[in-house]
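Engineer: Any chance you can model this:
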Amino acid sequence: MTRDPKLMAALSYALGLVSGIIVLAVEKHDPYVRFHALQSVLVFTVIALVSLLLPTVPLVGSWPLLRFMFLVGVVGLWLLLLVKAVQGEAYRLPYLGDVAATYSVPQNR
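Structural biologist: Below you'll find the predicted structure:
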């Protein structure tokens, strides 16, 4: 059974961190899919950490507009990454994309 790499790459972003981990665990050989899965894990881990830490910053964490803008940015980034994966593009985010590309080398059997 052959899996469509573009679909698998897009699925790695579908549910954020969870789907990234699942796709990374399932796909052992395709570097394109592994890149997107690892980038998903890295990106959504950073997003989770920022969303946990943002409310603890004095004044800034209490601004509803800032929290809303953060949410809009996250949704926009999520959509961008989904679209790029479906289009077959290994779109690299700054820094995290480079880390994902370095460590997405297929595992040996």
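Engineer: Quick check: closest non-adjacent residue to the spatially most central residue of the chain.
Structural biologist: In the chain, the C-alpha closest to the average C-alpha coordinate belongs to Ser40, at a distance of 1.9 Å (C-alpha atoms, centre = their mean). Nearest non-adjacent residue to Ser40, counting by C-beta to C-beta, 6 or more residues apart in numbering: Gly20, 3.2 Å away. Just so you know, the C-beta spots here come from the backbone N, C-alpha and C atoms, and that holds for glycine as well.
Engineer: and the one you found, what element?
Structural biologist: Secondary structure here is read from DSSP states H and E; on that basis Gly20 sits in helix 17-26.
Engineer: And Ile47, by the same measure?
Structural biologist: Assigned by DSSP H and E, Ile47 belongs to helix 31-53.
Engineer: Read off the pLDDT value for the closest residue in space to Met8 that isn't next to it in sequence.
Structural biologist: Using C-beta to C-beta, 6+ apart and skipping the chain neighbours, the partner closest in space to Met8 is Val33 (4.5 Å). In this model, Val33 is scored at 93, pLDDT.
Engineer: Val33 touches Val23, doesn't it?
Structural biologist: Yes - with contact defined as C-beta atoms under 8 Å, Val33 counts as touching Val23 (6.6 Å).
Engineer: Need the overlap of contacts for the two.
Structural biologist: Common neighbours of Val33 and Val23, using C-beta atoms under 8 Å, 6 or more residues apart in numbering, are 8-9, 12.
Engineer: which secondary element of the protein has the worst mean pLDDT?
Structural biologist: Evaluated with mean pLDDT, DSSP states H and E, the helix-and-strand set of the chain has its lowest mean pLDDT in helix 96-103, which scores a mean of 90.
Engineer: State the distance from the residue nearest to the centre of the chain to Leu59.
Structural biologist: Counting by C-beta to C-beta, to the nearest Å, the gap from Ser40 to Leu59 is 32 Å.
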